[in-house]
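Fold the following, please.
(chains A, B, C and D)
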4 protein chains.
Amino acid sequence: MTDSNTVRLEAFSDGVFAIAITLLVLGIKVPSASELSQAHGLWPALAGRWPSYVGFVASFFIVGVMWTNHHALIEYLRRVDRRLLLANLFLLMGVSFLPYPTAVLAQNLANPVTRTDATVFYGVALAFNSLTYNVLWWLGRSQRTLLEPNVHDLGLRAITRRYALTLLGAVVATGLAVLNVWLSLAIHLAVYAVNARSEPASDIH
Amino acid sequence: MTDSNTVRLEAFSDGVFAIAITLLVLGIKVPSASELSQAHGLWPALAGRWPSYVGFVASFFIVGVMWTNHHALIEYLRRVDRRLLLANLFLLMGVSFLPYPTAVLAQNLANPVTRTDATVFYGVALAFNSLTYNVLWWLGRSQRTLLEPNVHDLGLRAITRRYALTLLGAVVATGLAVLNVWLSLAIHLAVYAVNARSEPASDIH
Amino acid sequence: MTDSNTVRLEAFSDGVFAIAITLLVLGIKVPSASELSQAHGLWPALAGRWPSYVGFVASFFIVGVMWTNHHALIEYLRRVDRRLLLANLFLLMGVSFLPYPTAVLAQNLANPVTRTDATVFYGVALAFNSLTYNVLWWLGRSQRTLLEPNVHDLGLRAITRRYALTLLGAVVATGLAVLNVWLSLAIHLAVYAVNARSEPASDIH
Amino acid sequence: MTDSNTVRLEAFSDGVFAIAITLLVLGIKVPSASELSQAHGLWPALAGRWPSYVGFVASFFIVGVMWTNHHALIEYLRRVDRRLLLANLFLLMGVSFLPYPTAVLAQNLANPVTRTDATVFYGVALAFNSLTYNVLWWLGRSQRTLLEPNVHDLGLRAITRRYALTLLGAVVATGLAVLNVWLSLAIHLAVYAVNARSEPASDIH
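From the prediction side, this is the model:
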């Protein structure tokens, strides 16, 4: 397959990433007139939306890093076959699903009764996302002919390890939500912050 | 016409596919506070959204395969004329309409009284989509000058047959919804699973 | 300016067109449970949404032809200056505003009291769109250095006339809404159907 | 890094800009049946939506100019490193957040009690956006190897000054909202109108 094969896959994937990341803002509801009078003013009503802002910023950052990682992953592929196309479709399904668990998190983060469950739900969605990256990578790596010829074995193993650790991090963070939701969210963000930094800049050309 | 003609048609179509597939998540409504108390917790409330998840996964998979098929179809065309542009516009109309029947399906799938009708409505939308692919293909095939010169007659006939079978599958699945909605949805998915596999990988370069 | 200048303007414009055309479906509201029981079933409730389908199909067709026209217009330009960028921004503003008058039309088309006003509002939005095309074209035509060198004067005059006629058609159709809303909508569609056909296929390479 | 590095960053950013600018229309709510009867007709109900139109036009214009500025900024960069990618992600976060403060502004602009706070909130969002442009620019400028080799020091200083002035304008306009919301909005628009004009056309190739 020619280069145009991964080019169009990238373009479609970029579109889904860009739309999913921009749809996150629709999860933040404008305070209604009745909320304004109940909250005694606009500022308290806007401040009362803090769980929505937390969810927006967290998911925006995570989807943004996912996009960079997706770019880096596709760069290693010389071509994609049907199985990779399908694996990428499941990956995009996870990405475009994220505005929903983000909205669920935002709606429940201020509620002590339901916020643990909402954080676990959010974490399960992130773990699913991480799993789809692992599957896409494993499928790509399993056939040497799908990879760019100039990729070193060392690089392959480093990526395999990083994706596995990201999945482990998502699972651990999700489990810790039972203890403390803020700790859980902090670990999710830390995992992606590490991801954003660990990739050498020369890998994303 | 030059190559840039189909390139821009593809870019616009890709945009519509990417947006339609990503808008599907907006059909999943976050459980409200009153639903949470009624369902005795977040998990039962989230679990009660299962028809929305079924609709999301089914339509995401179907639109994803449609996108791949659209790509494969356009690859056979050397250039597009006005009639093809218009046929493609109707195809995109069908694709971007899909979030609506998906939301109708999701809202009624748990309701024994209305779920048959909702599944028929969903099936009619899919059959319309399949019809637009057939029309686009027939128009493209009817004029040899629109096709890439290196396309074999055997390949043309294989595609004609596959598109016809996809339409037949959509009609049959839609009719069977009267007997059983799950059987109907399973056949719709099976048709697109076959579609996703039947295309030789070498056709999607 | 190099070719990449109009390329990126086109890419951004294409994105806005693709998103605006796909957002139209969000204007079709899924029948609620109370509507279902009031309408005695799903089919009557879905059938009761006919004004939404009329609005969706009409605006999808119109925006689709607008996209083709925009493509054709940009093809005549060798480069864009600040004034053209700004004129194009106003054009895109009109395009991305269209889901709103479409939703207003859909909500009022079945109401004999308000449908005339809604159709006039819809028509004014279309006339504004047509006006922005005329402004963009006039600005582009006014400076010969902005145009592709191989464009004939005859072609320029033909386009000037067509854009002027499209604007005239939109104004006439909008005025006729006072007599009959269906006649008004039919003329709007006819104007764009003529537009879709009148452009010679060789102009859209 | 090769040219393709900034190309894909631009494509993703363009996607986010195009989606954010097109989502603005979703903030304009269609008058409901009860509003129509309360307002004695469709025209008064549509006219009563004027704050939404003001917000739509203002934010559309501002995001449109931001897109042009982003294009101009990226053109100065030869390549992007991790820090620039992250700074660009925060910039895009600010852009895709804008539909929310725009909707808050629209909902409160007709309310004398809350419109000052809503305008300040809108202004803070714009100031944040301006800040992210400054940060992205500072990071890019700090390493000469990231810049295109043919950029003059004079040009660099002009851009640095313009971004700083834009931020200052946003802060001043936001502060003046306490005195008069219309003055504040007018200054915000004036800042971006100047921005749209001050860039020499030769810089946006």
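
List the buried residues in stretch A:117-130.
Of all the residues in stretch A:117-130, those buried under the rule 16 or more other Cβ atoms under 10 Å in any protein chain shown are A:117-123, A:125-130. Any C-beta I mention is one placed from the backbone N, CA and C, and that applies to glycine too.

er, stretch A:86-96 actually
A:86, A:87, A:88, A:89, A:90, A:91, A:92, A:93, A:94, A:95, A:96.

Show the contacting residues for residue A:64.
By Cβ atoms under 8 Å, 6 or more residues apart in numbering or on different chains, the contact set of residue A:64 is A:21, D:89, D:92, D:93.

Mind putting those residues into TSV with secondary structure, pLDDT and distance to residue A:139?
As requested, the contacts of residue A:64 are arranged in TSV below (DSSP: H, G, I helix; E, B strand; the rest coil; pLDDT from 0 to 100; distance: Cβ to Cβ, whole Å):
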residue	secondary structure	pLDDT	distance to residue A:139
A:21	helix	97	25
D:89	helix	95	28
D:92	helix	97	30
D:93	helix	97	32
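
Show me where chain A has its helices.
With helices called from DSSP state H, chain A shows them at A:3-23, A:33-38, A:42-47, A:50-75, A:82-97, A:99-108, A:115-142, A:153-176, A:181-198.

got the CA positions of the last one in PDB?
Spelled out, that is helix A:181-198. Extracted in PDB, the C-alpha atoms of helix A:181-198 (Å, rounded to 0.1, in the frame of the first residue of the first chain):
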ATOM      1  CA  VAL A 181     -11.700  10.400  43.500                       C
ATOM      2  CA  TRP A 182      -9.200  13.300  43.400                       C
ATOM      3  CA  LEU A 183      -6.300  10.900  43.800                       C
ATOM      4  CA  SER A 184      -7.800   8.800  40.900                       C
ATOM      5  CA  LEU A 185      -8.200  11.800  38.600                       C
ATOM      6  CA  ALA A 186      -4.700  13.100  39.500                       C
ATOM      7  CA  ILE A 187      -3.100   9.800  38.500                       C
ATOM      8  CA  HIS A 188      -5.100   9.700  35.200                       C
ATOM      9  CA  LEU A 189      -3.700  13.100  34.400                       C
ATOM     10  CA  ALA A 190      -0.200  12.200  35.600                       C
ATOM     11  CA  VAL A 191      -0.200   9.200  33.300                       C
ATOM     12  CA  TYR A 192      -0.900  11.400  30.300                       C
ATOM     13  CA  ALA A 193       1.500  14.100  31.400                       C
ATOM     14  CA  VAL A 194       4.200  11.500  31.500                       C
ATOM     15  CA  ASN A 195       3.100  10.200  28.100                       C
ATOM     16  CA  ALA A 196       3.200  13.800  26.700                       C
ATOM     17  CA  ARG A 197       6.800  14.100  27.900                       C
ATOM     18  CA  SER A 198       8.300  10.700  27.500                       C
END
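
So which other helices or strands are in contact with it?
With contacts taken as 3 or more Cβ pairs under 8 Å, 6 or more residues apart in numbering or on different chains; DSSP states H and E, helix A:181-198 sits against helix A:50-75, helix A:115-142, helix A:153-176, helix D:82-97.

Out of the ones you listed, which is closest to residue B:107?
The closest of those to residue B:107 is helix A:115-142. By Cβ to Cβ, the value is 21.3 Å.

any idea of the mean pLDDT in that closest one?
On average, the pLDDT along helix A:115-142 is 95.

That helix near chain B at all?
Yes. On the criterion Cβ under 8 Å from any Cβ of the partner chain, helix A:115-142 is in touch with chain B at A:117, A:118, A:121.

Need the residues you listed in CSV (columns: distance to residue B:41).
Below are the residues of helix A:115-142 next to chain B laid out as CSV (distance: Cβ to Cβ, whole Å):
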residue, distance to residue B:41
A:117, 7
A:118, 11
A:121, 12
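
Isn't residue A:147 up against residue A:77?
Yes. Using Cβ atoms under 8 Å, residue A:147 makes contact with residue A:77 at a distance of 6.4 Å.

Please say which of those two ends up with more neighbours.
Legend: neighbour count by other Cβ atoms under 10 Å in any protein chain shown for residue A:147 and residue A:77, higher for residue A:77 (24 against 16).
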